[in-house]
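>>> structure for this input, please:
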Amino acid sequence: MPKKINIKGVIIPNDYKWFYDWFGMDCTCPKDVETAINEAKGEDLEVFVNSPGGVISVGSEIYTILRSYKGDVKIYIVGEACSAASVIAMARYCEMSPTALMMVHCVWTRGSGNHSDFEHIAETLRTADEALATAYMSKTGMSKEEVLSMMENETWLTAEQAKEKGLINAIMFEEQEPLLFVASSFALPTVEQMDKVKKMIKEPDQPGDDNGSKGEPALLIQTAKHKLNLLKLKGELNG
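This is a model prediction of the structure:
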């Protein structure tokens, strides 16, 4: 049976984990994934993602961990895969719930300083964007220009749109047969029918002798009658 890994909540560095755990907030750090992989011992992995993103370098680390794993890995986006989480989803085979969302955007940060400092920050951010673009390019076959344009515009995608762009391999449940709802033939049992079943349950199968024993032939006959009555009642319910 595949080992399950949850990538839920914000993507954070290892040394922030205690803080989020203390407040009971969902989060994922590289150590969480490494621990689960070590426990898997080479078995297949199923990774379930529902994350708004977080620290991009941490997302890159988790992406690399999953990409390097020797066993089979299947990623399932069950809620959202935004920002750093969308990079993680590029690591291996990926399916997306039809109700889920994916978002890709450029790297952002906060800074302070003079104009030279901000020019340097801008150049660093552009370099980081190009580095992350390689994950989307590798998955989809899109050009660098196409991917960077998608990131620049903070693109939100449905499962169908993500599949069209090659960001995911499949949409969950799309190969299943449609559910059939046959409401017209359904009805709850009537009070009379329920009372009849209660009476059958309370009735003894066969009166016992003085010692409480039951004759085997008589017991078989009584049991057969009991089953026949239940079958008749079942027919009434289904009719």
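
>>> please parse this protein into its domains.
3-171, 183-238 (automatic domain parsing).

>>> could I get the average pLDDT for the first one?
pLDDT averaged over domain 3-171 equals 95, rounded to a whole number.

>>> that older thread, turn the domains of the chain into a markdown table, including mean neighbour count.
(C-beta placed from N, C-alpha, C; glycine too.) Putting the domains of the chain into a markdown table (neighbours: other CB atoms under 10 Å) gives the following:
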| stretch | mean neighbour count |
| --- | --- |
| domain 3-171 | 17 |
| domain 183-238 | 11 |
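
>>> what's the next secondary structure element after the single longest helix found in the chain?
When the chain is parsed with DSSP state H, its longest helix is helix 115-140. In the C-terminal direction, the helix or strand that comes right after helix 115-140 (DSSP states H and E) is helix 144-152.

>>> quick one: the helices in the chain?
Taking DSSP H as the criterion, the chain carries its helices at 17-22, 30-40, 56-68, 84-89, 115-140, 144-152, 159-164, 191-202, 216-238.

>>> the ones you listed: which one's closest to Val47?
Ranking those by proximity to Val47 (CB to CB) places helix 56-68 first, at 6.7 Å.

>>> ok, the residue nearest to the spatial centre of the chain to Met90 distance?
For the chain, Val78 is the residue whose C-alpha lies nearest the centre (CA atoms, centre = their mean; 4.1 Å). According to CB to CB, to the nearest Å, Val78 stands 17 Å off from Met90.

>>> Gly9 too?
Distance of Gly9 to Met90, given as CB to CB: 19 Å.

>>> re earlier: between the helices of the chain, which gets nearest to Leu101?
helix 159-164 (8.3 Å).

>>> Cys29 reaches Ile12, doesn't it?
Yes - assessed by CB atoms under 8 Å, Cys29 is found in contact with Ile12 at 5.3 Å.

>>> what sits in contact with each of these two?
Val58 (CB atoms under 8 Å, 6 or more residues apart in numbering).

>>> go through this protein and flag its longest strand.
Assignment by DSSP state E gives strand 73-82 as the longest strand of the chain.

>>> adjacent strands (with direction) for it?
Applying DSSP bridges to the sheet, strand 73-82 is found paired with strand 45-51 (parallel), strand 93-96 (parallel), strand 101-104 (parallel).

>>> including distance to Leu148, could these go into a markdown table?
Listed next are the strands paired with strand 73-82 as a markdown table, based on distance: least, CB to CB, whole Å:
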| stretch | distance to Leu148 |
| --- | --- |
| strand 45-51 | 23 |
| strand 93-96 | 21 |
| strand 101-104 | 10 |
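
>>> of all the ones you listed, which lies closest to Glu192?
Between Glu192 and these, the shortest separation by CB to CB is 47.8 Å, and it involves strand 45-51.

>>> what angle sits between that closest one and helix 56-68?
Interaxial angle, strand 45-51 versus helix 56-68 (axes from the mean of the first three to the mean of the last three CA atoms, to 10 degrees): 160 degrees.
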